[in-house]
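Engineer: Predicted model and sequence below, questions to follow.
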Amino acid sequence: MKYFYYPGCSLRGMGKAYEESWLKVCQKIGIHLEEIEDWNCCGSTTYLGFDEIKSLVLVSRNLAMLEKEGGSEVITPCIACYYLFNRTNHNLRDYPQLKTETNKMLQEVGLTYSGNVKVRHPLDVLVNDGWMEKISQNIEKRLERFKAVCYYGCQLLRPYCEFDNPKNPKNMDILVSLTGVDVLDYPLKTKCCGAIITSNIPEKGLELVYVLLKEARKRKADFIVVTCPLCQFNLEFQQEKIMKVYEEDVGLPILYYTQVLGLAMGISLKELGITRCLTLTPEFERSLI
Amino acid sequence: MSTNNKEIRIGFYICHCGTNIAGVVDVDKIREFIAKKDNVVVSRNYKYMCSDPGQELIQKDIQEHRLNRIVVASCSPLLHEKTFRNTLEKAGLNPFYLQMVNVREHVAWVHSDNEKATEKAKALCNAAINRVRYNKPLEKKRVPFHQDVLIIGGGIAGIHSALILASAGKKVYLVEKKPTIGGHMAMFDKTFPTLDCAACILTPKMSAIKENKNVVLWTNSEVIKVEGYVGNFKVTIKRNPRYVREDLCIGCGQCIESCSYKEAKYPDEFNLGLSKRKPIYIPFPQAIPNSAIIDDKTCIHFKMGKCKQMCLSACERNAIDFNQKEELREIQVGAIIVATGFKIYDPQKEPEYGYGVYPNVYTSLEVERLINASGPTAGEVILRDGTKPKSIGIIHCIGSRSEKANKWCSRVCCMYSLKLAYLLKKHTHAEIYNFYIDMRTPGKMYEEFYDRLLMERVHFIRGKVAEVTDISLVKEEEGKLILRVEDTLASVIRRIPVDMVVLSVGLEPSEDTQKLAHILNIGLSAEGFFQERHPKLAPVSTFSEGIFIAGCCQGPKDIPDTVAQAGASAAEAMAMIDAGYFEIEPITAHVLDEFCSGCKSCINICPYSAISYDESKKKVFVNETLCKGCGTCSATCPSGVMKQNLFEDDQILNEIEGLLVYE
Amino acid sequence: MSEQNWEPKIIAFFCNWCTYTAADLAGVSKLSYAPNVKIIRVMCSGRVDPQFVLYAFANGADGVLIGGCHPGDCHYSEGNYKTLRRISLLKKMLTQFGIEDDRMRLEWISGAEGEKVKTVINEMTENIRKLGPLNIPEKFITWDRELEKRNRGSEYKLRV
Amino acid sequence: MAQELPNKSVIYERQLDVNFADLMQSMPGGENLRRCIQCGTCSATCPFSHVMDYTPRKIIYLIREGFKEEVMSSFTPWLCASCFSCRVRCPKEIKITDLMYLIKREAIKNNHYPPKTPIVSLTKESVKMIHKNGRISEGYLMGIVLLKVSFLKLLRMSGLGLKMLLTGRFPLIPEKIKRHGELKKILAFSNKK
């Protein structure tokens, strides 16, 4: 089955491993992805602090090109892009004035956007489009020896999540469970990790990450499973510092759900980008093989 | 269409209703427009037509200008048609020469574009002028008013209304869905601000219901059908089986003792699941009727059909009857009082507050039971995890004042939270934190009660808690529930560890409100409570004549207000009953004898069999005492000679034309 | 009125006990809806004589709305059933006349359903707006002219 | 005691901007701001409110009462992580996160923001980069921002940067889109207006 696909800048940068593993998993279960040709950055929430209409235009250019190709749905694995795309649709719908203006600008290069492209996240597609069976069929080695917590973060769930319960999401838990990993209850799964702030003013956000790690450790998780490149980075790069400040060993590997799925499907650590992990200890690496 | 136009002299009046109408509809323009119409002698606008000067204005005009048709454009005829008919009568004119135009409910209140609203009003007024020419003088009809009253709901409101009516000698049917009367008030511990015990003031009234010969009490029963109209309602009530005969049971409890279940196993409804009961039980010691009831969903006999039926042999009075079936009872009443109360907001809709997740999070109603001497813990505050709290957080406005839950302020939560704070402090000596948004204490001695609480060293933190969590950040938080809140007055974020959380849940319409509104054909306001006829001047009446509302089914309110409304609705019902009769519209049908062809089309269509065929004349005739005035026969008659008073073809056709062609 | 600022004209017959009460409730609740529907009060929807509907169309209405109590709730036991039967028949007739059957609508609205009055009136207005003007009175004039041409000398006219 | 009294005084109405709330309310996202009942749910749920100079609740209040100067020079909007916790919890459905974007936009438009705020630099630099390349390269972006804010910090973070480079997560060649002219044309059009 074919889907249109928008990777976003992060998946070509710090979230490289996310794209690598996601593409591998898709290949394995037969999802064919068609990347939007010559896509541009969605602007992320940072751009919203600069200009409303230009932010709408940045997103709309991608979706307009997709509509031109005959698409009506797009998969975007990055949760910032997921939010921005949804926001654009909502704002174009809620404020007709903005829609007119946006299209006026797009028309400069012969594009128009309806505001109706359905934005989908892999967690939505994999669970709700019936791919779970395919995933189960492809599982070669069950990961029953591991315990993990699933951490969803913010922008996937808030404010526009329609495919899962935003106050108590389940889709990632369901997917990861397919691999045999014991998914633990984790009440912090919808909390903010503060990435956008911590990556710039680290001292202000340490506590957020510390609590996330500490609770996962307390629940005896072997790793944390995430769905966002920024969460992954933020939870990783702060660990050393946190352990120094709080004088407590709360270190844990942070993996993408696609990496966990891939591991169970027998794909190599390198192919899944797990070797790009900053918190990959030799022991953990051995345990994965 | 034969009307002698020369004789007709119309007076037209459009009401401003303050700014209600005049703020949207250009009343001057309408007045000028109508003044130019044929036969219109007087055309006026006035601030309040329904006021005494307004009515006098019409009377004076009728006399001075020899008016013989009156059109009043104001509010709904359902509200003031009677008023203006009386006005005509006082001036010596037949009241049915009146035609009303509804320019408030159907125009001013529902349209915001002034120009379009004025245009619509113009059409409506023109239609009325057209129609009124064809109005005919009619005689009023009186029908006897049935003396009995039905009260739906056996909480404090229903009980109070019933006792007032019964003491005036009226027969009252009190219908309650639950196995006992008493409602929410019976569950409360103390009442604010006087702190007298709820049971102490309520149970004597409950017993009085049982003792009173004029009250027929049907618990475990529901109203399922209401037919008829004011003075003459026919009501069907479903009495669900109790499996214990109320007339024989004396509430000794032998049956409960002997039940095959040695231990109580099922959540006790009255204690909100904080304690357990057996399948056969008495809701609470002072329940009225003080009779056991068998819950057929949990009783072994009903579940599996094989039980030793120890209860049966234990009852010396042979009160237990497994063969009881649901029964339908039909009664006739003149008036109905609805007092179905409220239900509390379900805090599980907001998982952030941890209700149902953390055992030590309670709703305020559960706390009422918890601190009650006859409650599950005999009044000792022992939490679900077996500990006693040293610190307690009370969070106000749960489910209230929110677009996401209920928009309204539930009115009683601030006061009952203060009361619970006081009682919990007395019971536990714990540190108590109240988290409020705005402290609302309007009411006699209410602010004084707040003052008293301030002196009790209770904390008052202005800010709504966002989250209840057990994830601790510092040592002293371990094992506690932590409340994260903005102390908005100090402008800081605080984390407060407590042992117990009380959620001050709001009040919302009880479950069957919508169903009952449908059965009774009474309106609901936007928030889902029953709609009163007028928010200020008819607070216990509804748009259905003869049906009254009292207590929280109309909107959240405290006990004093509830009791006041209960009294008011009893008095309103009594005023109708004691008049002995009521006037109905003379809207019956009649046949223009000479033109009837005797085709009999109308006979089968009449729902009341009011039309018969006269073999000798070969024509039909209408029995006007049986006719209720629906007009279906009139619509059916192929010759157009079946006429419905006030709704004759001429009147309606001219109204139609008036709406479409007016310039 | 020119085509551009044409506004649908809709006549409504509401029964006194349910739908008219509901319209009052909509008013009391200050629900805002389209000003195109003008309401005539009848005691029961059973009173709505098919000739009222035809008369409304003939006088320039673009749509007719009839509101009664829900089936089983009629104040007069069964008047609304009679309406239902009558209206289905009338609809057939209207279509034969070339009047789209969407121009007439029957709705059950109880006294508690103020919100429904709003939705139905708004929907009806929009539906009629899509159908465009019916304009029978003007058509009468054209038809009369045509007839005149055809039967020159004859006295017959569609409408006097 | 030699301690000085805080430099405070009565606020006169002329010191406030009566049109500020209207301006904010008129922009997409600001519609509901006057409905605030000051319950503080937003601040209590915000993961960063404890480090903000004014809590989100107070920001809304200050906007409503016209304390423009206080709002524009506040760090609060620049500390918003866009996690939308407040937005989904607000009982009056105020789009608080969008309100923060509104303030930031006003601030950047008028060059009126608290000095040396890394997020201001981040915003400006990321916008520049998007306009130039059509895409963001996080490694470069972080480097530039840190350089602008403090060279010292850049040095301190260089270990991390190196690690990211070694794991291939900070690519050496910045990402660029092909039809860059197209994007430029669209964005330029809005400037004309």
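Structural biologist: Cool, got the structure.
Engineer: Give the next helix or strand downstream of the helix or strand that contains B:Ile493.
Structural biologist: B:Ile493 is part of strand B:492-498, with elements assigned from DSSP states H and E. Using DSSP H and E, the next helix or strand after strand B:492-498 towards the C-terminus is strand B:500-505.
Engineer: How about residues contacting that following strand?
Structural biologist: Strand B:500-505 has contacts (Cβ atoms under 8 Å, 6 or more residues apart in numbering or on different chains) with B:344-347, B:353-355, B:358, B:360-365, B:367, B:381, B:383, B:389, B:391-399, B:413, B:416-417, B:420, B:424, B:430, B:468, B:481, B:483. No exception for glycine: its C-beta is placed from N, CA and C like everyone else's.
Engineer: contacting residues around D:Glu31?
Structural biologist: Counted by Cβ under 8 Å, 6+ apart, D:Glu31 has contacts D:25, D:95.
Engineer: just checking, what packs against the strand holding B:Ile493?
Structural biologist: strand B:391-398, strand B:431-436, strand B:481-487 (3 or more Cβ pairs under 8 Å, 6 or more residues apart in numbering or on different chains; DSSP states H and E).
Engineer: is any part of the last one close to chain A?
Structural biologist: Pointing back at strand B:481-487 there. No. Strand B:481-487 stays clear of chain A (Cβ under 8 Å from any Cβ of the partner chain), getting no nearer than 11.6 Å.
Engineer: strand partners of that strand, parallel vs antiparallel please.
Structural biologist: In the sheet containing strand B:481-487, its partner strands are strand B:467-469 (antiparallel), strand B:492-498 (antiparallel), by DSSP bridges.
Engineer: how far out from the middle of the chain is that strand?
Structural biologist: 38 Å (Cα atoms, centre = their mean, to the nearest Å).
Engineer: If you compare the directions of it and strand B:431-436, what angle comes out?
Structural biologist: 50 degrees (axes from the mean of the first three to the mean of the last three Cα atoms, to 10 degrees).
Engineer: picking that back up, now, of the helices and strands packed on strand B:492-498, which is deepest in the fold?
Structural biologist: Stretch with highest mean neighbour count among the helices and strands packed on strand B:492-498: strand B:391-398 (a mean of 26; mean count of other Cβ atoms under 10 Å in any protein chain shown).
Engineer: Give the full set of residues in contact with B:Asp295.
Structural biologist: B:266, B:279-281.
Engineer: if you set the cut-off to 10 Å instead, what comes out?
Structural biologist: B:179, B:242-243, B:266, B:269, B:277-281, B:302 (Cβ atoms under 10 Å, 6 or more residues apart in numbering or on different chains).
Engineer: Can you tell me, leaving aside adjacent residues, what's nearest to residue 284?
Structural biologist: You didn't pick a chain, so chain A it is. Leaving aside its chain neighbours, A:Phe284 sits nearest to A:Pro253 (5.3 Å; criterion: Cβ to Cβ, 6 or more residues apart in numbering or on different chains).
Engineer: oops, chain B please
Structural biologist: B:Phe284 sits nearest to B:Phe270 (Cβ to Cβ, 6+ apart), 4.9 Å away.
Engineer: and the one you found, how many neighbours?
Structural biologist: 23 (other Cβ atoms under 10 Å in any protein chain shown).
Engineer: What of the one 4 residues further on?
Structural biologist: Using other Cβ under 10 Å as the criterion, B:Leu274 is surrounded by 17 other residues.
Engineer: Am I right that it is in a helix?
Structural biologist: No. Applying DSSP: H, G, I helix; E, B strand; the rest coil, one finds B:Leu274 to be coil, outside a helix.
Engineer: what about it, distance to chain A?
Structural biologist: 25 Å (Cβ to the nearest Cβ, to the nearest Å).
Engineer: Quick check: which element contains the residue lying closest to that residue once chain neighbours are set aside?
Structural biologist: Once flanking residues are discounted, B:Leu274 sits nearest to B:Pro376: 4.1 Å by Cβ to Cβ, 6+ apart. Using DSSP H and E, B:Pro376 sits in no helix or strand.
Engineer: B:Pro376 contacts B:Arg369, correct?
Structural biologist: Yes. Here B:Pro376 reaches B:Arg369: they are 6.2 Å apart, a contact under Cβ atoms under 10 Å.
Engineer: list the residues that contact both of the two?
Structural biologist: B:268, B:270-275.
Engineer: Of those residues, select the buried ones using a ChimeraX command.
Structural biologist: The command below creates a ChimeraX selection of those among the shared contacts of B:Pro376 and B:Arg369 that count as buried (16 or more other Cβ atoms under 10 Å in any protein chain shown):
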select /B:268,270,271,272,274
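Engineer: CSV for the shared contacts of B:Pro376 and B:Arg369, including pLDDT?
Structural biologist: Listed next are those as CSV, based on pLDDT from 0 to 100:
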residue, pLDDT
B:Asp268, 96
B:Phe270, 96
B:Asn271, 96
B:Leu272, 96
B:Gly273, 95
B:Leu274, 96
B:Ser275, 95
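Engineer: and residue 251, how many neighbours does it have?
Structural biologist: I went with chain A, as the question did not name one. 15.
Engineer: Please refer instead to chain B.
Structural biologist: What B:Gly251 shows, counting by other Cβ under 10 Å, is a neighbour count of 19.
Engineer: which residue packs closest to it, ignoring adjacent ones?
Structural biologist: B:Asn290 (3.7 Å).
Engineer: pretty sure the one you found is touching B:Ile209, no?
Structural biologist: No. Under the criterion of Cβ under 10 Å, B:Asn290 is not in contact with B:Ile209, lying 11.8 Å apart.
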